[in-house]
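Peer 1: For reference, the sequence and a predicted model appear below.
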Amino acid sequence: MSESAMSGVRDMTVASAFAGMRSVSPVVFKAGCPDCRGRFELAASALRLAIGATSRTTFYSFTCPDCGASVRKPAGERIVQLLTGGGVRTLRLHSTV
C-alpha cells in the first residue's frame, strides 16, 4: 500500500468507517417439530445448546411455536459451530466423576 493510501486509513474515524452501514438483521435458524411436523424459523434466543462430553450428550432444544412441544435434537460439530456463531446461549455439561 502506498504512503498516501496509508495516511487516509490512519485518518479514518470509527464513525466514518461505519457511516454507510445499515442495521444488522437478527440471526434466525430453520427448524422443524417432529411432533406436529411444523417448519418454522427461530431466533437465537428461542434455542438452547447443551455441550456435553460426548456426541450423545450434546444437543440443542427449543419449544415448538406451533404445538408447544419441547424438542431436543442432537448437535454435531457443525451444528454447534452454527449455533454458537449465531448467538445461541450455550450450557456446558460437566461430568461429576
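Peer 2: That came in fine, so what should we check first?
Peer 1: now for the stretch of helix or strand Arg78 belongs to, which elements pack on it?
Peer 2: For Arg78, the enclosing helix or strand under DSSP states H and E is helix 77-85. Applying 3 or more CB pairs under 8 Å, 6 or more residues apart in numbering; DSSP states H and E, one finds that helix 77-85 contacts strand 48-51. Just so you know, the C-beta spots here come from the backbone N, C-alpha and C atoms, and that holds for glycine as well.
Peer 1: what's stretch 87-97 in contact with?
Peer 2: 27, 29, 44-45, 47-53, 57, 60, 83-84 (CB atoms under 8 Å, 6 or more residues apart in numbering).
Peer 1: Run the chain-centre distance for the helix holding Arg78.
Peer 2: 7 Å (CA atoms, centre = their mean, to the nearest Å).
Peer 1: before we move on, back to that, among the contacts of stretch 87-97, name the buried ones.
Peer 2: Those of the contacts of stretch 87-97 that meet the buried threshold are 29, 44, 47-49, 51, 60, 83, by 16 or more other CB atoms under 10 Å.
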